[in-house]
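Got a predicted model here, sequence first, then my questions.
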Amino acid sequence: DAVITRYITMVRAANGSAINKYQLYRRALELNPSDNVKNALISALSESQTLPSLMLATNYLDQPNTAFAAATTVKDIISKNAELQKGATIKKALQKAQDVFRAQKSNADAGYAVDEISGILPKFAEKGYEPLVTEATEATAKKSFSLPKKYENFEMYLDWKSDSKGTLSLRTMPEVNLDGKAGVTMVYASKQDKTGNVNANDWNTLYIKVVNDRIFVESNGTKVAENAIIKNTPETKPINNSGLIQLLTKDGSVSIRNLYVNELPSTPVFTLPEEEKKAGFEVLFDGRSLEKWQGNTSAYVPVDGNIY
């Protein structure tokens, strides 16, 4: 316990990313220390105001000896990150935290927490991150992984690990390489893209956002691609406007868990009237893609049907 307590102090003082610190605290919790040290680790998670930290803390809401620390962390993360104030799953976690505080009738701070949560709950948006895979699931050469629903615009978190290679397809297009040794790279990497670091033989955390014709990727808190232009295979083929999220591998296996998807609003699409189509006019910008534009397309972004 003394070693882990010192470890918490060192992680807090380190310059790592929020995701990196979440991973370090998660590994310490997996060692199953004493309840006092568990509570210190759970409390430390509140500094990493991310979805993975939030969902890890919720795992301790049902355990009597860690419930109060977990409820405090859940409340703090959600109250300080408006992007997480959405969706039934996160709302349920906050309501469960409120129940924990209500049970602490002699604790004045718990009473204040109940009131604070009462002010947050009405602000929740209906749609948000939802868990689609929680337990470890494996993709192999003989059995790929695929979510059944097609997505247009979305953001997602997932944990993955592998000692081989896999490819993550987004909108049914191969976009991100997952290599347990070489790192995370884009299938069609540009000069601006980087190689995401990986933890060999351990779980890695991947964040992806896909909007219109752009993709954003972070590996273990490090940016791999930002505002990169999505490409299909072959590159000359038009990109899919929606499609499946899939994990494919030619050899070995890739395991994933804690897959959360937040479906984002669809983009308005501009089309021509029939008479203009017959007259030979063509849409060069349909509201969601600069695919038919030439020149510097990376400096401009389609957002809500406009170009910025």
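Everything's here; your move. Source: prediction; values computed, not measured.

which SS class is the residue nearest the centre of the chain?
The centre of the chain sits closest to residue 157, judged by Cα atoms, centre = their mean, with a distance of 2.5 Å. Here residue 157 is recorded as strand under DSSP: H, G, I helix; E, B strand; the rest coil.

I'd guessed it sits against residue 203; true?
No: using Cβ atoms under 8 Å, residue 157 is not in contact with residue 203; the gap is 11.9 Å. C-beta coordinates here come from the backbone N, C-alpha and C atoms, glycine included.

still on that earlier bit, ok, the residue nearest to the centre of the chain - contacts?
51-52, 129, 205-207, 258-260 (Cβ atoms under 8 Å, 6 or more residues apart in numbering).

ok, how many other residues are close to the residue nearest to it when sequence neighbours are not counted?
Spatially, and ignoring its direct neighbours in sequence, residue 157 is nearest to residue 260 (4.9 Å; Cβ to Cβ, 6 or more residues apart in numbering). Residue 260 is flanked by 22 other residues according to other Cβ atoms under 10 Å.

Pull the distance from the helix or strand where residue 260 lies to the chain's centre.
Assigning secondary structure by DSSP states H and E places residue 260 in strand 253-263. On the basis of Cα atoms, centre = their mean, to the nearest Å, strand 253-263 sits 9 Å off its chain's mean C-alpha point.

And stretch 153-168, by the same measure?
Offset of stretch 153-168 from its chain centre (Cα atoms, centre = their mean): 10 Å.

Let me see the mean pLDDT of that stretch.
Stretch 153-168 carries an average pLDDT of 95.

Could you list which residues are in contact with residue 139?
Under the criterion of Cβ under 8 Å, 6+ apart, the neighbours of residue 139 are 145, 166, 247-249, 253-256.

follow-up on the earlier one: neighbour-wise, give me the winner out of the contacts of residue 157.
In terms of neighbour count, residue 51 stands highest of the contacts of residue 157 at 26 neighbours, by other Cβ under 10 Å.

what's the distance between the spatially closest residue to residue 156 that is not a sequence neighbour and residue 151?
Spatial nearest neighbour of residue 156, excluding adjacent residues (Cβ to Cβ, 6+ apart): residue 261 at 4.6 Å. Applying Cβ to Cβ, to the nearest Å, the value for residue 261 to residue 151 is 7 Å.

before we move on, what about residue 94?
Residue 94 is 26 Å from residue 151, by Cβ to Cβ.
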